[in-house]
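Chemist: below are the sequence and a predicted model for it; my questions follow.
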Amino acid sequence: MTSSFDSVLLIGFGGPTPGCCRRHAECPGEAYCYVENVVGSRAGAAERIRGVAAHYAHFGGFSPFSFFSQRQAGALETALAAAGAWLPVYVGFRFWTPYVREALAEMGRRGLRRALGVVLAPHRAKISWEAYQGEVASARKALGEGAPEVEFLEAGWFDHPAFIEAVAGCVRRTAGGMAPGRFEKSRLIFTAHSIPVPMARVSPYESEFARTAALAVEALGVGRYDLGFQSSPDVPPGAWLEPDVTEVIRRAAGDGVRDVVLAPIGFLCDHVEVLYDLDKEAREAAGEAGLGYFRAPTVGTHPAFIGMLRGLVLDRIAGRIA
């Protein structure tokens, strides 16, 4: 298969991996510097940075995000090759190495000139879409003439049948590990990262999240379900999207359910905001409410999800979609 694209660039948030960035004279730890990248070093931010960085101590001070993202890239490259599209797939992160500029520099060194950019976020908001596009533009400007061109896959996939099948498949996997009849009596709670309310007002983020959940429920054939947001900073009520997932869990207990099953559909692979914010904090909230806690895996390299990405890339190459 011939294509005007010679590569694919997956663009994600990033997570700390071993290796000092040498930003500070005395290394405070990779997790601290990573969170500092995200939060910024403005006055008064140090306490917030230390608090979030402490979450990573439960996982050796690092995040598995990069590892899982690289697995997704490898799975996609293999799937594309099987379809006759021999395109190398790279990963570039906004907040940690390999940064977008590092990925583009390596691609340029290998003679690659035109990449299809795929944002690793199912629901669109400024922080998960425009910011990533801006990161690519800044990286290309910094690299100069040798930087590959990047065109973005614009087609949304929050409601793509294959994505919904991957989400439903992850929930089914969890249900299969529960005692017979227990899943049917549980409360299914879908989660996504909270974002500031002003940002939500000017983006489709909240409605796309709700639509993904509704379609997944339809595919699963379950009854009542709830939506919850997670991982917001400690800010006044109403500043970020609510309800927080811990509050949703407490409400479920008031309805008399025995278990909660959480499905983090706003995340594409397991990392600290899933492993800590859900598997520690949300689990503790469930325990305090007297509920059993179960958590569906993220879509990761689920065959339906990788198949969807392959199909979207091939369709974009062929000019069938934007």
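Modeler: Right, received. Where do you want to start?

Chemist: report the buried residues of stretch 102-119.
Modeler: Neighbour counts over stretch 102-119 (16 or more other C-beta atoms under 10 Å) mark 103-105, 107-108, 112, 115-119 as buried. All C-beta spots, glycine's among them, are computed from the backbone N, C-alpha and C.

Chemist: before we move on, what about stretch 24-32?
Modeler: Buried-residue list, stretch 24-32, by 16+ other C-beta under 10 Å: 28-32.

Chemist: just stretch 14-22 next, same as before
Modeler: 14-17.

Chemist: same check on stretch 187-197?
Modeler: Per 16+ other C-beta under 10 Å, stretch 187-197 contains these buried residues: 187-196.

Chemist: which of those sits closest to residue 44?
Modeler: Taking C-beta to C-beta as the measure, residue 196 is the one of the buried residues of stretch 187-197 closest to residue 44, at 17.5 Å.

Chemist: can you pull the contacts of the residue nearest to the closest one when sequence neighbours are not counted?
Modeler: Closest residue to residue 196 apart from its sequence neighbours, by C-beta to C-beta, 6 or more residues apart in numbering: residue 240 at 5.6 Å. Contacts of residue 240 were listed using C-beta atoms under 8 Å, 6 or more residues apart in numbering, and they are 194-197, 229, 232-233.

Chemist: take those residues and keep only those in strands.
Modeler: residue 229 (DSSP state E).

Chemist: pick out the most distant pair among the contacts of residue 240.
Modeler: Once C-beta to C-beta is applied, those give 197 and 233 as the farthest pair, at 13.0 Å.

Chemist: now residue 113: how far from residue 154?
Modeler: 20 Å (C-beta to C-beta, to the nearest Å).

Chemist: circling back: and which of the contacts of residue 240 is nearest to residue 123?
Modeler: Sorting the contacts of residue 240 by how near they are to residue 123, with C-beta to C-beta, puts residue 195 at the top with 9.3 Å.

Chemist: pretty sure that closest one contacts residue 125?
Modeler: Yes. Residue 195 sits in contact with residue 125 when judged by C-beta atoms under 8 Å, with a separation of 5.3 Å.

Chemist: now for those two: what residues contact both?
Modeler: Shared contacts of residue 195 and residue 125, counting by C-beta under 8 Å, 6+ apart, come down to 203, 205.

Chemist: can you tell me which helix in the protein is longest?
Modeler: helix 65-82 (DSSP state H).

Chemist: and the closest residue to residue 126 other than its chain neighbours, how many neighbours does it have?
Modeler: Excluding the flanking residues, the one nearest residue 126 by C-beta to C-beta, 6+ apart is residue 199, at 5.5 Å. Using other C-beta atoms under 10 Å, residue 199 has 16 neighbouring residues.

Chemist: so residue 199 sits in a helix?
Modeler: Yes. Assignment of residue 199 by DSSP: H, G, I helix; E, B strand; the rest coil places it within a helix.

Chemist: contacts only, for it.
Modeler: By C-beta under 8 Å, 6+ apart, the contact set of residue 199 is 125-127, 205.

Chemist: please apply the same query to residue 18.
Modeler: 30, 62 are the contacts of residue 18 under C-beta under 8 Å, 6+ apart.

Chemist: how about the contacts of residue 240 in a markdown table, adding distance to residue 6 and pLDDT?
Modeler: Shown next, in a markdown table, are the contacts of residue 240 (distance: C-beta to C-beta, whole Å; pLDDT from 0 to 100):
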| residue | distance to residue 6 | pLDDT |
| --- | --- | --- |
| 194 | 38 | 97 |
| 195 | 34 | 96 |
| 196 | 38 | 96 |
| 197 | 41 | 96 |
| 229 | 39 | 98 |
| 232 | 40 | 92 |
| 233 | 41 | 87 |
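
Chemist: center of this structure - which residue?
Modeler: Centroid check for the chain by C-alpha atoms, centre = their mean gives residue 267 as the closest residue, at 3.4 Å.

Chemist: just the pLDDT for residue 3.
Modeler: pLDDT, residue 3: 66.

Chemist: same deal with residue 237?
Modeler: 78.
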